[in-house]
Structures are given as C-alpha cells and as structure tokens.
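K.L.:
next one to model:
(one chain, ligands or ions: 3)
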Amino acid sequence: MYYYEILKDFNFSMEKDIESAKILNSMIKRDEELLKEVESIIKDRVVYVYGAGPSLLRHIEYYKHPLVVADGACKAFLENDIIPDIIVSDLDGDLNALKECNKKGSIVVVHAHGDNIERIKSEVPKLKDVIGTHQVPDLKLENLIYVGGFTDGDRACYFSKYFGAKKLILGGMDFGEFITKYSRPNLKRDVERGDEIKIKKLRWAKRLIELLSREIEIEFLR
Ligand SMILES: Nc1ncnc2c1ncn2[C@@H]1O[C@H](COP(=O)(O)OP(=O)(O)OP(=O)(O)O)[C@@H](O)[C@H]1O
Ligand SMILES: Nc1nc2c(c(=O)[nH]1)N=C(CO)CN2
Ligand SMILES: [Mg+2]
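P.N.:
Ligands and ions are numbered 1, 2, ... in the order given. Purely as a prediction, here's the structure:
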C-alpha cells in the first residue's frame, strides 16, 4: 500500500496522522445528506478536476460542472466568478478564497494529516458543508471517510472516483517542478521552481493519478 511508502519517503509520522484524524473526527459530524448530495453531483458524470499548476489559468476556460478543485486553485476560479462544486483541501492554501467559495456554495473536503492539526483546529469551525477525509488506510472513524490519494490534486481525483465518477478531465495538473501562487500564496513571481519536498509531492501526485487511471478513464486538458 502506497501510504506506507509515502510515510517512509517523507519521514511522516503515522501517529501524527492518526492524531490529526481523531481531532477532525471529533470536530465534525458525518452528514449523510451532504454525502448524498456529493454522490448526486458526481455519480456517473464526467468530472472536471483542477490542480494549481502553471497551466491552471490556460485551462480554466474549458471547465464544466461538476467541478472539483484542489485547494488554492479555487482562488483562480473565484477570480473568474466561478464557484467550484467541491474543494479538496488540507487547509494550507489561500483560506480567504476557500472560505468565500464555501460561503457561496462550495462543499469543502477537509483532509486531516499530521502537519495540519493547528489549521484544522482554527479553520474547520469557520466552514459549513464539510466532509472529512484521512489518509491512514486501516483507520476507521465514524465521521471521516478514506478515499485514497495523497496530495490535494490527486486526492480530488480519488474522491471523485470514490463517489462514482464515470470519467475525469484534468486541468492545471502539470506536476513537474514549477508551482504557482495559487499553490503557494507567498511566491514573489507567478510561477517559480518548487522546493525539493514540493517536487517530491508532485512526483507522488503523478504516480497516484497514473495508478488511478487503471480504474477510471482520465483525460488531461492540453
Ligand atoms: N505544478 C503543480 N504545482 C502545484 N500543484 C500542482 C501542480 N501540478 C498538479 N498540482 C496539483 O494541485 C494541487 C494544489 O494543491 P496545494 O498546492 O494545496 O498542494 P498540497 O497537496 O496541499 O501540497 P503542499 O503540502 O505542498 O501544499 C496539488 O496537490 C497537486 O496535486
Ligand atoms: N503527514 C503529512 N501528510 C500529508 C502532507 C504532509 O505535509 N504531512 N501533505 C500532503 C499534501 O497535501 C498530504 N498528506
Ligand atoms: Mg493544500
């Protein structure tokens, strides 16, 4: 299972991932109606999933609903007056954009991991329509779901597959070595080379989407 490989590769702590998941689990209630709504948005549909790579702005014009967006990529949509149906986030992107989209109707899928515990504690109470995810495969918690995946972008794809998408069309999913201010709000330029950890995360994202493409048709916008 790739999770254990990721733990080793990044030296993450499974104990911290579990601690974070338990904290999020204690802060939200499993919302059956919201889960049904997500299913009705995604099931048997061609789902557009966007990441925050350099091609994001070029790809925005091709978007259709249902629209699932990774974290800070929601800011680019908001700037174009487009409200994503669903935002998949570990709460490390532009929180103002995420909160505004949430107020205007985006469902937020908040991911618990060992390095976002403080963000979960401070930001989840400010959100409505939250679905919680965690990343420890064998962990069962009543208020969270496990969909697989790792980074916000590939997890958005796994989330869509989990809820029965027929096909995925991906925008802003460049992977590679370059990142944008939608991914890192404090960049000086619009696009810069990511640090080694970010580049390694993007390699995992690419690998996990390749793995998922064995189970569901995935097309990349060009
Ligand atoms: N070149 C790219 N730069 C940034 N994000 C990309 C790129 N290509 C694909 N993506 C996807 O867009 C998502 C944007 O989300 P975000 O920048 O918040 O990352 P993240 O998963 O939270 O990782 P990190 O912990 O490094 O912030 C990434 O998770 C990634 O899967
Ligand atoms: N423990 C831990 N887990 C993660 C991390 C991270 O930095 N630490 N980053 C992720 C990217 O969205 C996903 N999962
Ligand atoms: Mg993020």
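K.L.:
any chance you could map the strands in this structure?
P.N.:
46-50, 67-70, 86-89, 107-111, 130-133, 144-145, 167-171, 178-180, 191-193, 217-220 (DSSP state E).
K.L.:
near ligand 1, which residues of the protein?
P.N.:
51-53, 70-73, 90, 92-93, 151-154, 173-176, 178-179, 183, 198, 201-202, 205 (C-beta under 6 Å from any ligand atom). For glycine as for every other residue, the C-beta is placed from the backbone atoms N, C-alpha and C.
K.L.:
let's see 5 Å
P.N.:
With C-beta under 5 Å from any ligand atom as the criterion, the chain meets ligand 1 at residues 51-53, 70-71, 90, 92-93, 151-153, 173-175, 179, 183, 198, 201, 205.
K.L.:
so for the residue lying closest to Ile131 once chain neighbours are set aside, what's the pLDDT?
P.N.:
Excluding its sequence neighbours, the residue lying closest to Ile131 (C-beta to C-beta, 6 or more residues apart in numbering) is Val109, at 4.8 Å. What the model reports for Val109 is a pLDDT of 99.
K.L.:
and Val109, what does it touch?
P.N.:
Residues in contact with Val109 (C-beta atoms under 8 Å, 6 or more residues apart in numbering) are Ile86, Ile87, Val88, Ser89, Val130, Ile131, Gly132, Thr133, Arg155, Ala156, Phe159.
K.L.:
and it, how far is that from Ala97?
P.N.:
Using C-beta to C-beta, to the nearest Å, we find Val109 at a distance of 15 Å from Ala97.
K.L.:
please apply the same query to Leu57.
P.N.:
14 Å.
K.L.:
distance between the ends of stretch 89-103?
P.N.:
Using C-alpha to C-alpha, to the nearest Å, one end of stretch 89-103 lies 15 Å from the other.
K.L.:
quick check: mean pLDDT of it?
P.N.:
94.
K.L.:
what's the answer for stretch 143-151, then?
P.N.:
98.
K.L.:
and that stretch, which residues are buried?
P.N.:
Neighbour-count burial for stretch 143-151, counted by 16 or more other C-beta atoms under 10 Å, picks out Asn143, Leu144, Tyr146, Val147, Gly148, Gly149, Phe150, Thr151.
K.L.:
ok so, going back, I'd like the contacts of Val109 laid out as CSV, including neighbour count.
P.N.:
Output for the contacts of Val109, formatted as CSV (neighbours: other C-beta atoms under 10 Å):
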residue, neighbour count
Ile86, 27
Ile87, 28
Val88, 32
Ser89, 29
Val130, 20
Ile131, 24
Gly132, 23
Thr133, 24
Arg155, 27
Ala156, 30
Phe159, 26
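K.L.:
thank you kindly, that will do.
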